[in-house]
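> For reference, the sequence and a predicted model appear below.
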Amino acid sequence: MTTTPAIEFDRVAYGVGELSAEFAFSREPGTVTAILGPSGAGKSTLLNLAAGFLEPREGQIRIDGKPVGGLPPATRGVSMVFQDNNLFAHLDIRTNIGLGLDPALKLDAAAWARVEAALDRVGLAGFGKRQPGSLSGGERQRVALARAFVRRRPLLLLDEPFDGLGPGLAADMLRLMLEIRAEVGATVLMVTHDPDEARAAADRILLISKGKIAADADAAGFFDRTDLPELEAYLGRQRGA
């Protein structure tokens, strides 16, 4: 029995010239993929194409087997967590999370109860009336994860969400993300610059170099490979060392 991919990039191309990118891959439901590569390689471009913030010039993106070309991000069945958490500074935490359910904030009592339950799930019970500026960086990332949790979308996109956090806090956030992913049953595409995060979280690795997929492989043993010049360069290893 063939499983419909959670997401599929079917010969997707974006941009032209030195700013062009070409991607072709698919992922089974429930998997976690770490996306690695040097700055400017095209990692965020890939996520933004999946989310609908960018549209390809060629090819097709399918989510759960359905073409999503031209669909806005809100209707694609995705949640995205950014490095800067993308919170509205003038709105309290409860409202920021509620916007994930309905941008018009037309929420009934049951929906607001889901918001409170999401805050409790990420360890921020009682924080609903606080402003983002009063929280630490780790707490703001917990709010962003709570928003993703409350939306319960089948595809979770993470764009270096733990960058800038200390190693211990980043590891805690990674564990929380994996717990939430399991509870929601989401498929994850996670941009990271940290091989340790990839080792800890990912089933698969996408290594991006110069706008193309240099490797699409199992995470197990990936960083021990010596047959990929792009990996050697990314990790700063000398060839043959």
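Perfect, thanks for sending it.
> Surely Asp163 forms part of a helix?
No: membership of Asp163 in a helix is not supported by DSSP: H, G, I helix; E, B strand; the rest coil, which gives coil.
> surely Gly137 meets Asp163?
No: in terms of C-beta atoms under 8 Å, Gly137 does not count as a neighbour of Asp163; the distance is 10.1 Å. All C-beta spots, glycine's among them, are computed from the backbone N, C-alpha and C.
> Asp159: how many residues sit nearby?
With neighbours defined by other C-beta atoms under 10 Å, the count for Asp159 comes to 22.
> now swap in Thr33 and tell me
The local packing count at Thr33 equals 21, with neighbours defined by other C-beta under 10 Å.
> Keeping just the C-alphas, turn the helix or strand encompassing it into PDB.
Secondary structure from DSSP states H and E places Thr33 in strand 32-36. Taking Å, rounded to 0.1, in the frame of the first residue of the first chain, the C-alpha atoms of strand 32-36 are listed here in PDB:
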ATOM      1  CA  VAL A  32      11.200  15.000  10.700                       C
ATOM      2  CA  THR A  33      13.600  16.400   8.100                       C
ATOM      3  CA  ALA A  34      16.600  18.600   9.000                       C
ATOM      4  CA  ILE A  35      17.500  21.100   6.300                       C
ATOM      5  CA  LEU A  36      21.200  22.100   6.400                       C
END
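> Relative to that strand, what are the paired strands and their orientations?
Based on DSSP bridges, the strands next to strand 32-36 in the sheet, each with its direction, are strand 187-191 (parallel), strand 204-209 (parallel).
> Rounded mean pLDDT for the one helix or strand Val115 maps to, please.
In this assignment (DSSP H and E), Val115 forms part of helix 109-121. Mean pLDDT, helix 109-121: 90.
> just the angle between the longest helix along the chain and strand 187-191, please?
With DSSP state H applied, the helix covering the greatest number of residues in the chain is identified as helix 167-184. Taking axes from the mean of the first three to the mean of the last three C-alpha atoms, to 10 degrees, one finds that helix 167-184 is oriented at 160 degrees with respect to strand 187-191.
> what about Ile63, neighbour count?
Using other C-beta under 10 Å as the criterion, Ile63 is surrounded by 22 other residues.
> which ones are touching it?
Under the criterion of C-beta atoms under 8 Å, 6 or more residues apart in numbering, the contact partners of Ile63 comprise Ala6, Ile7, Glu8, Ala50, Arg76, Gly77, Val78, Pro154, Leu155.
> tell me the phi and psi of the second one?
Summarising the backbone geometry of Ile7 under the convention degrees, to the nearest 10, its torsions are phi -150, psi 140.
> still on that earlier bit, and the helix holding Val115, what's buried?
Trp112, Arg114, Val115, Glu116, Ala118, Leu119, Arg121 (16 or more other C-beta atoms under 10 Å).
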